[in-house]
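Asks: Sequence and predicted model, in that order:
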Amino acid sequence: LSAVKDLPAISADVRALICPHAGYVYSGQTAAYAYKLVQGRPYETVIIIGTSHQYALDGASIYLKGGYETPLGVVAVDEELAARVSRASGFSYVAEAHAKEHSVEVQVPFIQRALPGAKIVPIVMGYPTRRNVYSLASGIAEATGDKKVLIVASTDLSHYLSKVDANSLDAKTISLVRNINADTLITKCLNGENIMCGGGGVAAALIALKKAGQPRVEVLRYSDSSEASGDEGHVVGYLAAAVTVGQPAAEFSLSAEEKKELLRLARQAVQTYVAEKKVIDYKTEDPNLLAERGAFVTLKKKGELRGCIGFIEPVASLYETVIQTAIYAATEDNRFIPVRPEELGDLEVEVSVLTPLKKIDNP
């Protein structure tokens, strides 16, 4: 903690940290950047979300009673809050999930030093299915209420790639985190992509905080294991980040230019794929096009339907969804034969973007 330099000035309440959990010689200095930022702040409890490395767990396990002992002493579990999270999420205690799990344990000494008065709620996350992640996120949001709670999502990034490949992949993962693309993180982790071992916990933290307002992620430090080992052939990536929450996001809307860009993108995607069998490469910094949204692309020819495919729920960023659904509308709508190159000039393209789903009280 004493070696941390040049932290950004963050005046807003930090509601969550993302911290690595490798051996201290490898990732300890990076984790220290996160804990230094919150050192001495008046948190009552720290919810630690680790990931199950040793035990096949479907769901999550919540440590309900007792405490965690380290060479610095015993940290008590906030038994009342742990019970509330358990009831609200539907997850209970599975002893085997905690028995040999380091991803929770490695955070505890940092909490003892940085937040010596805080209690803890240790949670081990199992398979990061959408149901599991959203259940845990909803349970945490419901149980914490106005209590002064800090969430720590414990995760490393990519594992055992070369330094060059790891740094490149980790930059993309960090971009997903900064843009609060929780559903994309879940999908990639479920698909076994080598992006982060604790992606379910990170996604759960982001989703839980979305219920309080608009999360904002501040990257504090990125490093990899070559800093300690000197081995650049096989590295593990480490991220320290802080999450604050602002006012609830404004109602989603697209500008006229953004609408034109999505129509252009859909048309280009169809033309390129039908004519060349290639998926277009597209980059953008527009936050609305990077946001996760459901969308449909409809193709018409001389006023008649020629194809329509879409996703009601978000599966990727808006621009990626439009590219994908445009290609599917042209080639995968089983009501029609695939669009032929000679038809491209006659196609009309429509893009329908769905606003986020909202829970209603009385269906």
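Replies: Nice, I can see it.

Asks: So for the top helix by length along the chain, what gets flagged as buried?
Replies: Ordering each helix of the chain by length in residues (DSSP state H) puts helix 256-276 first. Within helix 256-276, the residues scored as buried using 16 or more other CB atoms under 10 Å are 258, 261-263, 265-267, 269-274. C-betas here are computed from N, CA, C, even on glycine.

Asks: Export those as TSV, with columns for pLDDT and distance to Tyr160.
Replies: Formatted as TSV, the buried residues of helix 256-276 follow (pLDDT from 0 to 100; distance: CB to CB, whole Å):
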residue	pLDDT	distance to Tyr160
Glu258	96	40
Glu261	97	39
Leu262	97	38
Leu263	97	43
Leu265	97	36
Ala266	97	39
Arg267	97	42
Ala269	97	35
Val270	97	39
Gln271	97	40
Thr272	97	35
Tyr273	97	35
Val274	96	40
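
Asks: Turn those into JSON lines, columns for distance to Gly213.
Replies: Shown next, in JSON lines, are the buried residues of helix 256-276 (distance: CB to CB, whole Å):
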{"residue": "Glu258", "distance to Gly213": "24"}
{"residue": "Glu261", "distance to Gly213": "28"}
{"residue": "Leu262", "distance to Gly213": "27"}
{"residue": "Leu263", "distance to Gly213": "32"}
{"residue": "Leu265", "distance to Gly213": "30"}
{"residue": "Ala266", "distance to Gly213": "32"}
{"residue": "Arg267", "distance to Gly213": "37"}
{"residue": "Ala269", "distance to Gly213": "34"}
{"residue": "Val270", "distance to Gly213": "38"}
{"residue": "Gln271", "distance to Gly213": "41"}
{"residue": "Thr272", "distance to Gly213": "40"}
{"residue": "Tyr273", "distance to Gly213": "39"}
{"residue": "Val274", "distance to Gly213": "43"}
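
Asks: Give me the distance between whichever helix or strand comes after the longest helix of the chain and the centre of its chain.
Replies: The helix or strand immediately downstream of helix 256-276 is helix 287-290, counting by DSSP states H and E. On the basis of CA atoms, centre = their mean, to the nearest Å, helix 287-290 sits 16 Å off its chain's mean C-alpha point.

Asks: Give me the contacts around helix 287-290.
Replies: 179, 181, 252, 254-255, 258, 261-262, 284, 317-319 (CB atoms under 8 Å, 6 or more residues apart in numbering).

Asks: for stretch 73-91, same thing?
Replies: Stretch 73-91 is contacted from outside by 44-45, 47, 59-69, 92-93, 108, 111-112, 118-123, 135-136, 138-140, 142-144, 147, 149, using CB under 8 Å, 6+ apart.

Asks: Would you map the strands across the stretch 51-200 of the chain?
Replies: All strands of the stretch 51-200 of the chain, identified by DSSP state E, counting those that start in this stretch, fall at 60-62, 67-70, 73-76, 119-125, 149-154, 159-161.

Asks: Can you say which of those strands is nearest to Ala12?
Replies: strand 149-154 (13.3 Å; CB to CB).

Asks: Return the closest one as PDB; C-alpha atoms alone will do.
Replies: Provided in PDB are the C-alpha atoms of strand 149-154 (Å, rounded to 0.1, in the frame of the first residue of the first chain):
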ATOM      1  CA  VAL A 149     -21.000  -1.700   1.600                       C
ATOM      2  CA  LEU A 150     -18.100  -2.200  -0.700                       C
ATOM      3  CA  ILE A 151     -18.100  -5.100  -3.300                       C
ATOM      4  CA  VAL A 152     -14.800  -6.600  -4.300                       C
ATOM      5  CA  ALA A 153     -14.800  -8.700  -7.500                       C
ATOM      6  CA  SER A 154     -11.800 -11.000  -7.400                       C
END
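
Asks: Adjacent strands (with direction) for it?
Replies: strand 14-19 (parallel), strand 45-51 (parallel) (DSSP bridges).

Asks: Could I get the average pLDDT for that strand?
Replies: Strand 149-154 comes out with an average pLDDT of 98.

Asks: Please check the contacts of stretch 73-91 and keep the buried ones.
Replies: Buried among those (16+ other CB under 10 Å): 45, 47, 59-63, 68, 108, 111-112, 118-123, 135-136, 138-140, 143-144, 149.

Asks: For the stretch 1-150 of the chain, give me the ranges with low pLDDT.
Replies: Applying pLDDT under 70 to the stretch 1-150 of the chain flags no residue at all.

Asks: one more time with 80, if that's ok
Replies: Where the stretch 1-150 of the chain drops to pLDDT under 80, the residues are 11.

Asks: Please enumerate the helices of it.
Replies: Along the stretch 1-150 of the chain, the segments classed as helices by DSSP state H, counting those that start in this stretch run 29-38, 79-89, 95-99, 102-105, 108-114, 130-144.

Asks: Show me which parts of the fourth one are buried, residue by residue.
Replies: Along helix 102-105, the positions that meet the burial threshold by neighbour count (16+ other CB under 10 Å) are 103-105.

Asks: other SSEs contacting that helix?
Replies: Helix 102-105 makes packing contacts with strand 45-51, strand 67-70, strand 119-125 when contacts are defined by 3 or more CB pairs under 8 Å, 6 or more residues apart in numbering; DSSP states H and E.

Asks: Alright, calling it a day.
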